[in-house]
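> the following block contains a protein sequence and its predicted model.
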Amino acid sequence: MNTFTQRRKGAKNANRPFLGVFASLREIFFRCFLVASLTAQAVQAPQPGFIIRTNADLVLIDVQVLDRSGKPVKGLKAAQFKILEDGKPQNVSSFDYYDIENMETVATAETKPMTLDLGTVASPEVIREVVRDRRLTVLFYDLTSLQPDELLRSIDAGKKFLKDQMTPADMVGIISFGNRIRILSNFTNDRDALAKALAAVRPGKDAALAAAAETDTTSEEAVTEDSGAAYTADETEFNIFNTDRKLAAMEALAELLKPIPAKKSVVQFTGGVSQTGQENRSQLRAATDAANRANVSFYTVDARGLQANAPGGDASVGAAAGNTMYRGNAVFRQAESRSGSRETLATLATDTGGQAFTDLGDFSEVFATVQTDTSGYYLLGYNSTNPKMDGHWRKVVVKLEAAGYKVRFRDGYYAPKDYKVFTTQDRERQLGDAMLTEVTRNELPLAVETTYFRLNSRSNEIFVPVSAKLAASALEWAEKKGRKEAEFDFAAEFREVASNRVVGALRDTIKVKLDADRFKQVSQRALVYQGGVILGPGNYKLKFLARENETGHIGTFEQTLRLPPWQGQYLQVSSILLSSQVEAVRKSAEVQTKAEGRAAKIDHNPLEVGGERVIPSVTRVFTSDQRLYVVFQAYFPQKTDPSKLRAGLVLFRNGVRASETPLVEAAEMDVPNRTASFRISLPLEKLPPGRYTVQAVTVEAGGDQSAFARSYFALRAASPPPAAKPVGE
């Protein structure tokens, strides 16, 4: 039992090869255009009645057949439908009729409460039984564009729908979008639960973005509010970001609804979505593509309703600058801005088979239209005969071998893209979608560990190391194909729990050289990534993402993190970092920093000492042939004599003290910052396997100050060495 310094003097393997892959330490400041692709998390939704999971690969087309009076036609057979994709016949592999009209006549008292959980996955057959003859409608509130009065009007419309227009066939979900997507209610027919969810939709800070979205500075003669300021910033870049952010939320919503094999209608209440030239076209196409692939129709509602605008603006804004208001330009620009904000809504609705609503005083017409469009439809599924995953548009035509009927259907979709043909923009969008959605991705086995260490006594800055470990299976494809290099992207986002504001982020790419020795190292110890951010005290939510750039496989990890404030009058201890590896510090050419932002300026990394770096144990699972290394810091009051500080470890197994170390002096002392760093190690060979609590205790020798922190680990027996081969084999 000794300190790291003592161990190095007698160790034979102090300079053994570096097995981890490290990212440089940095602090990433919030950048709007970065966070636009990396935002959103759902709040906890009510417990579902059904857990739904799917991996459906079918192309699903909802087809509405109406007679001359506009009534749904029932009783048709699959053989009467013919599907053409790009002019080529397709075989109908699934065929269902959703008789929503019949379900609407069932007495409300006879319907059982049902909940369909969003974001979960199961077989399409199970889902069909749950949603059969049900109308699925989402009330989507865009808080970033709704002024308070518009939001209240939209909420009242939702309440009126639940009370007067909702039928036994309706299953309704409620989702809002502000800083991130929030699922307030899963699909359910429980009116009381839906009413409570609507009550949770309130105007807040997100509404402040609505006014900024109205600013248009793209014309040669811009019309701006006279605020008395000497300089008016060009907000074009902000508007591009704000619009992309809204469209990305719609794309993520469509992906969230995709696993459900039924037609989904999204009633979107918004104050308009303004495009800024060509910059937003890519994201608009991505949103409509996602909706068409997911069988989602947007019914966009301009919640501003019918308005008579005062020329030049009302009393809520200053008069236009210069003489533009006297020449009528202010009025023209005002009208153009509103028309432009509606154009995107019309495009979204038209291209997804929905409808756009403007200049309405009563929103009940919106819900009536949705109910009419989904009163009964056939859901046809087929596996495309086109195997190419090139992302190209595929035109779909549905023909009915019966005369006198009107047939309505979605006229096509964009084919999925193989990851190998992804553009840079596609890859960024994939990362953004994975970070945006609440659905956990586990194609890439991933584990993450965080700790924290205070930086100095002059500020409340805290260094948070982030360590991630990827299983060796992440490189199985490379070994089979004989590849000499693999590339991984890593992204992390820290959000304040109270405000949902992004306060820290990481973004790195690692290129791993794959020679024979590297494969052997990875198979034994896995791949390790290390990064870090600087945060202040508070409660945070971390979402971490890793992607392998050959297959596009993604793994995500989420956890909460509490960083306590420093109380200068008391002795305090940081979190405990556990490790079984200490490696020589050296720069790695495998790491490429892709994120923007200044590097965190740290005088000394607490994980490094004497030219060596401690590799955190992400899984906290050790074997009896290893050595346990424990790193922590103590922060002492100003009048404390630092030379009297001592620390030791106590290990408990099943609540019983199993081992302890002698008290030792600090390995390093930073008196100006009142920080004592301890690095203690002990062998694990004499401890029986089991689960342990390790307690780090710091005391003031001869004084009355003490503090402790705890961590946990599992110990298992070491694997026996391979049996020696008999002589002659």
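Good, I have the coordinates.

> quick one: residues contacting Lys543.
Listed by Cβ atoms under 8 Å, 6 or more residues apart in numbering, the contact set of Lys543 reads Gln41, Met435, Ala492, Glu493, Arg495, Thr556, Phe557, Glu558. The way it works is simple: take the backbone N, C-alpha and C, and place the C-beta from them, glycine included.

> the fifth one reaches Tyr540, doesn't it?
Yes: contact criterion Cβ atoms under 8 Å: Arg495 and Tyr540 qualify, at 6.4 Å.

> need the overlap of contacts for those two.
With contacts taken as Cβ under 8 Å, 6+ apart, Arg495 and Tyr540 have Val503 as neighbours in common.

> tell me the domain boundaries of the protein?
Taking automatic domain parsing as the criterion, the chain consists of the domains 2-41+438-716, 59-226+233-413.

> pipe those domains into CSV and attach distance to Glu428 and mean pLDDT per row.
Conversion of the domains of the chain to CSV gives the following (distance: least, Cβ to Cβ, whole Å; pLDDT from 0 to 100):
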stretch, distance to Glu428, mean pLDDT
domain 2-41+438-716, 6, 77
domain 59-226+233-413, 11, 78
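
> among those domains, which comes closest to Gln430?
Comparison of the domains of the chain against Gln430 by Cβ to Cβ identifies domain 2-41+438-716 as nearest, at 6.8 Å.

> nearest to Val366, out of the contacts of Lys543: which one, please.
If you rank those by distance to Val366 using Cβ to Cβ, Gln41 comes first, at 28.4 Å.

> who is Gly504 paired with across the strands?
Going by DSSP bridges, Gly504 is paired in beta bridges with Phe494.

> tell me the contacts of it?
Glu27, Ile28, Val464, Ala492, Glu493, Phe494, Val533, Ile534, Leu535, Tyr540.

> residue closest to the middle of the chain?
Nearest to the geometric centre of the chain sits Met435, at 2.6 Å (Cα atoms, centre = their mean).

> sorry, back to before: and the domains of the chain: which comes nearest Phe422?
domain 2-41+438-716 (7.2 Å).

> please enumerate the helices of the stretch 451-600 of the chain.
Using DSSP state H, counting those that start in this stretch, the helices of the stretch 451-600 of the chain run over residues 476-481, 516-525.

> compute the number of surrounding residues for Ala709.
Other residues near Ala709 come to 17 when the count uses other Cβ atoms under 10 Å.

> now do Lys159
Neighbour count for Lys159, taken as other Cβ under 10 Å: 14.

> need the phi and psi values for Ala254.
Reported as degrees, to the nearest 10, the phi and psi values for Ala254 are phi -60, psi -40.

> grab the nearest non-local neighbour of Lys644.
In space, and not counting its chain neighbours, Lys644 is closest to Ala701: 4.4 Å by Cβ to Cβ, 6 or more residues apart in numbering.

> how close does the one you found sit to Glu665?
Plainly put, Ala701 is 10 Å away from Glu665 if you go by Cβ to Cβ, to the nearest Å.

> okay, these two: which has more neighbours?
The neighbour comparison of Ala701 against Glu665 (other Cβ under 10 Å) goes to Glu665, with 15 against 12.

> now the closest residue to that one other than its chain neighbours: how far from Val631?
Sequence neighbours aside, Arg646 is the residue nearest to Glu665 in space, at 6.4 Å (criterion: Cβ to Cβ, 6+ apart). Taken as Cβ to Cβ, the spacing of Arg646 relative to Val631 amounts to 16 Å.

> what does Gly70 give?
To Val631, Gly70 is 73 Å away according to Cβ to Cβ.

> so the two - more neighbours on which side?
Between Gly70 and Val631, counted using other Cβ under 10 Å, Val631 has the larger neighbour count: 26 against 9.

> next up, the contacts around that one.
Counting by Cβ under 8 Å, 6+ apart, Val631 touches Ile576, Leu577, Ser579, Pro606, Leu607, Val614, Ser677, Phe678, Arg679.

> before we move on, which element is it in?
Counting by DSSP states H and E, the secondary-structure element that holds Val631 is strand 627-635.

> that strand pairs with which strands, and in what direction?
With DSSP bridges as the test, strand 627-635 is paired with strand 572-573 (antiparallel), strand 577-584 (antiparallel), strand 675-683 (antiparallel).

> CSV for these, including distance to Asp99 and mean neighbour count?
Shown next, in CSV, are those (distance: least, Cβ to Cβ, whole Å; neighbours: other Cβ atoms under 10 Å):
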stretch, distance to Asp99, mean neighbour count
strand 572-573, 65, 20
strand 577-584, 60, 21
strand 675-683, 70, 22
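
> quick check: which of those is nearest to Arg135?
strand 577-584 (53.3 Å).

> so how far is that closest one off the chain centroid?
Between the mean C-alpha point of strand 577-584 and the mean C-alpha point of its chain there is a distance of 31 Å (Cα atoms, centre = their mean, to the nearest Å).

> convert that strand to CSV, retaining C-alpha atoms only.
Only the C-alpha atoms of strand 577-584 are listed here, as CSV (Å, rounded to 0.1, in the frame of the first residue of the first chain):
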residue,chain,number,x,y,z
LEU,A,577,-11.5,8.5,-9.4
LEU,A,578,-10.8,4.7,-9.6
SER,A,579,-8.3,3.2,-12.0
SER,A,580,-6.2,0.1,-12.8
GLN,A,581,-4.1,1.8,-15.4
VAL,A,582,-1.3,4.4,-15.3
GLU,A,583,0.3,5.3,-18.6
ALA,A,584,3.1,7.6,-19.7
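
> quick one on the thing from earlier: out of the contacts of Gly504, which is most surrounded?
Compared across these, Ala492 has the highest neighbour count, 28 neighbours, by other Cβ under 10 Å.

> excluding sequence neighbours, find me the nearest residue to that one.
Across the structure, with Cβ to Cβ, 6+ apart as the measure, the residue nearest Ala492 apart from its sequence neighbours is Leu506 (4.1 Å).

> and that neighbour, how many neighbours?
Applying the criterion other Cβ under 10 Å, we find 27 residues in the vicinity of Leu506.

> wait, it touches Tyr529, no?
No: distance between Leu506 and Tyr529: 9.4 Å, which falls outside the contact criterion (Cβ under 8 Å).
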